[in-house]
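Asker: got a predicted model here, sequence first, then my questions.
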Number of protein chains: 2
Amino acid sequence: MRRDSRLSGVLHVLLHMAEQPGPSTSEALARAMDTNPVVIRRIMAGLRDRGYVRSEKGHGGGWTIACDLAAVTLRDIHDALGRPELLAMGHRTDAPGCLVEQAVNAALGEAFDEAEALLLRRFGEISLAALSADFHARLAERGGSPTLESNHAA
Amino acid sequence: MRRDSRLSGVLHVLLHMAEQPGPSTSEALARAMDTNPVVIRRIMAGLRDRGYVRSEKGHGGGWTIACDLAAVTLRDIHDALGRPELLAMGHRTDAPGCLVEQAVNAALGEAFDEAEALLLRRFGEISLAALSADFHARLAERGGSPTLESNHAA
DNA sequence: TCTCATGAAACTTCATATGTTGCATGACTG
DNA sequence: CAGTCATGCAACATATGAAGTTTCATGAGA
């Protein structure tokens, strides 16, 4: 099953924006992500509604970070994306009358719930600032330049 | 994203077969599962290849359990299904050149790996016999009859 | 007014689980 | 041996949702 990469994508966008002094246009971000500007706007819409980022139209417009990176976690971002499904598997029937299927659902459901809870807990432990710090650590190790373009073909 | 219900479905089938004295036809199982016989054959093929079940053609043919339920775990069944994806999310790019994306992948990947490991561990802890026992416990509580049909519209 | 940027809607593409049909194969029955 | 029942397999249809694309409206700044 094709895996949802919106969380991965939006984090990539946010960290690039954090390296930019001014606003970043959807077009520039899309070029860096090798995708379409509309896709950028789509995944950013939820973050804008929550006030994590701001968007401005017209000349000099684009996207700006509008929150404290240390105060926002991956879980917040996941929520802003609309809490997409975490697991690729599910029950065949949600409320089965069959006792066999109830037993199956109970056993699987427990494992599913634990895995989802684990993921959400981990997401809640990682702030955007921590991600950014990890990036800068990698940058220092590599000795590269901190510009957006240097890491992409663009 | 539409969730994969093959594991749930095949477990349902196996537990029903365990309640049957003789072989169960794909057609009968499909009726109980409210699906198509070909779907049953499809999800059972992997289990047959591993020797967990046997299939016989012709009169009196059908599917029979060919393993010790206590010796086979949900993880074995998951393997027999071809180890479908467990998580609905993934990386945007698997081996990115961009350091930002590497940092994102590292953080997310750790959480993903933990969640997958947890699921597989839990699956490995649950045997088919345990599932069957849970079913019988529910049955005793409900006081129903142990037939396949009693739990389904058929 | 012209240009640049987002906002929103509609459409296409793609992957994959699921559902369906048709036919070949093999096993039992009479 | 012919007929029926069942699986095996291939091909095709359907449905869902992420991702990509096109188009037009809107608003901000030069």
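Answerer: Arrived safely, thanks for sending. Numbers count the residues shown, from 1 in each chain, chains lettered A, B, ... in the order given.

Asker: CA atoms for contacts and neighbours, from now on please.
Answerer: OK.

Asker: look up the closest residue to the residue with the shortest distance to the centre of chain A, ignoring the ones flanking it.
Answerer: Nearest residue to the geometric centre of chain A (Cα atoms, centre = their mean): A:Leu7, 2.5 Å. Nearest in space to A:Leu7, with sequence neighbours left out and distances taken as Cα to Cα, 6 or more residues apart in numbering or on different chains, is A:His78 at 6.5 Å.

Asker: what do you get for A:Asn36?
Answerer: Nearest to A:Asn36 is A:Ala30, by Cα to Cα, 6+ apart, at 5.2 Å.

Asker: just to revisit the earlier point, show the contacting residues for the residue nearest to the centre of chain A.
Answerer: Counting by Cα atoms under 8 Å, 6 or more residues apart in numbering or on different chains, A:Leu7 touches A:Ile77, A:His78, A:Leu81, B:Met89.

Asker: state the pLDDT value of it.
Answerer: pLDDT for A:Leu7: 97.

Asker: surely it is within a strand?
Answerer: No. A:Leu7 sits outside any strand when classified using DSSP: H, G, I helix; E, B strand; the rest coil, being helix.

Asker: what separation do you get for it and A:Gly97?
Answerer: As judged by Cα to Cα, to the nearest Å, A:Leu7 and A:Gly97 stand 36 Å apart.

Asker: what do you get for A:Thr73?
Answerer: Applying Cα to Cα to A:Thr73 and A:Gly97 gives a distance of 40 Å.

Asker: who's more crowded, these two?
Answerer: For A:Thr73 versus A:Gly97, neighbours defined as other Cα atoms under 10 Å in any protein chain shown are more numerous around A:Thr73 (20 against 12).

Asker: the more buried one is in contact with A:Glu125, isn't it?
Answerer: Yes. When contacts are counted by Cα atoms under 8 Å, A:Thr73 is listed as touching A:Glu125 (6.8 Å).

Asker: from A:Pro23, how far out is the closest residue to DNA strand D within chain A?
Answerer: For chain A, the residue closest to DNA strand D is A:Gly58, as judged by Cα to the nearest atom of the strand, at 3.0 Å. Using Cα to Cα, one gets 12 Å for the distance from A:Gly58 to A:Pro23.

Asker: tell me which of these two has more neighbours.
Answerer: Neighbour count, other Cα under 10 Å: between A:Gly58 and A:Pro23, A:Pro23 has more, with 17 against 6.

Asker: quick one: the more buried one and A:His59 touch, right?
Answerer: No. Applying Cα under 8 Å as the test, A:Pro23 and A:His59 come out as separate, 10.6 Å apart.

Asker: briefly note if the lengthiest helix in chain A comes near chain B.
Answerer: Longest helix in chain A by number of residues (criterion: DSSP state H): helix A:99-125. Yes. Using Cα under 8 Å from any Cα of the partner chain, helix A:99-125 reaches chain B at A:99-105, A:107-108, A:111-112, A:114-116, A:118-119, A:122-123.

Asker: alright, that wraps it up for me.
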